[in-house]
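J.: Sequence plus the predicted model coming up.
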Amino acid sequence: MTEKKTGTETATRTETETGTTTGTGHGTGTGHGTGTRTGTGTVPGPRTTTLWRPTGPEELALVEASGWTAWPPRLPEQPIFYPVLNEDYAVRIARDWNVPASGSGYVTRFEVDAGFLERYPVRQAGGETILELWVPAEELAEFNRHIVGRIEVVREFHAQA
């Protein structure tokens, strides 16, 4: 399997309206982090929470078709949209599940209005760091309207040829 890292996020961060960043790193390896951000530059913006989503090539193509601004509607057998709260968990799913299932796995990162996310309790789906949100499929369009900025690919995994 090959991996391509396309971003670097290694700290829990809080960013003030003036863009000053504070925070502490945690974990080991590359790309750990959860956090919230308030505004950027000199123009105040919404307080945001960083989320990750592991995905395969088909879903990623639909995200790209949206201009990197929205997740596609769920299929009938997918009643819940599961963004995750840390990159490590997203990497494990992309690498260990998406690659065997479809030949490639991608980790995406995106910001969502933190106030909007308060309606979704954090769910622990396994170990201490296996944290996700459960967004019902019928609420995904509203969820997409609260994404701040673009969805970006930060890690890629591909099956060995």
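T.: Looks like it arrived, so ask away.
J.: Same question for stretch 129-141: list its buried residues.
T.: Residues 130-133, 135, 140 are the ones in stretch 129-141 that count as buried (16 or more other CB atoms under 10 Å). Heads up, the C-betas are built off the backbone N, CA and C, glycines and all.
J.: what's in contact with it?
T.: Here stretch 129-141 makes contact (CB atoms under 8 Å, 6 or more residues apart in numbering) with 51, 71, 73-74, 78-86, 88-89, 117, 120-125, 143.
J.: if we can go back for a sec, among the buried residues of stretch 129-141, show me the least confident.
T.: pLDDT is lowest at residue 130 among the buried residues of stretch 129-141; the value there is 93.
J.: Need the phi and psi values for that one.
T.: The phi/psi pair for residue 130 (degrees, to the nearest 10) reads phi -90, psi 80.
J.: Quick check: which element contains the most centrally placed residue in the chain?
T.: Taking CA atoms, centre = their mean, the centroid of the chain lies closest to residue 52, which sits 1.5 Å from it. Using DSSP states H and E, the element containing residue 52 is strand 43-55.
J.: From the contact counts, what lies against that strand?
T.: strand 36-40, helix 87-93, strand 104-113, helix 114-117, strand 147-158 (3 or more CB pairs under 8 Å, 6 or more residues apart in numbering; DSSP states H and E).
J.: wait, which of those is closest to residue 59?
T.: Residue 59 lies closest, by CB to CB, to one member of the helices and strands packed on strand 43-55: strand 104-113, at 8.6 Å.
J.: Name the next helix or strand following the strand holding residue 52 along the chain.
T.: Counting by DSSP H and E, the element after strand 43-55 in chain order, helix or strand, is helix 57-65.
J.: quick check: angle from that next one to strand 147-158?
T.: Angle of helix 57-65 versus strand 147-158, following axes from the mean of the first three to the mean of the last three CA atoms, to 10 degrees, is 140 degrees.
J.: hang on, the earlier thing: which ones among the contacts of stretch 129-141 lie within helices?
T.: Those of the contacts of stretch 129-141 mapping onto helices are 88-89, 117, 143, per DSSP state H.
J.: For those residues, pick the one with the most neighbours.
T.: residue 143 (22 neighbours; other CB atoms under 10 Å).
J.: Could you check how far the residue nearest to that residue when sequence neighbours are not counted is from residue 77?
T.: Distances taken as CB to CB, 6 or more residues apart in numbering put residue 135 closest to residue 143, at 5.2 Å, once the chain neighbours are dropped. Applying CB to CB, to the nearest Å, the value for residue 135 to residue 77 is 16 Å.
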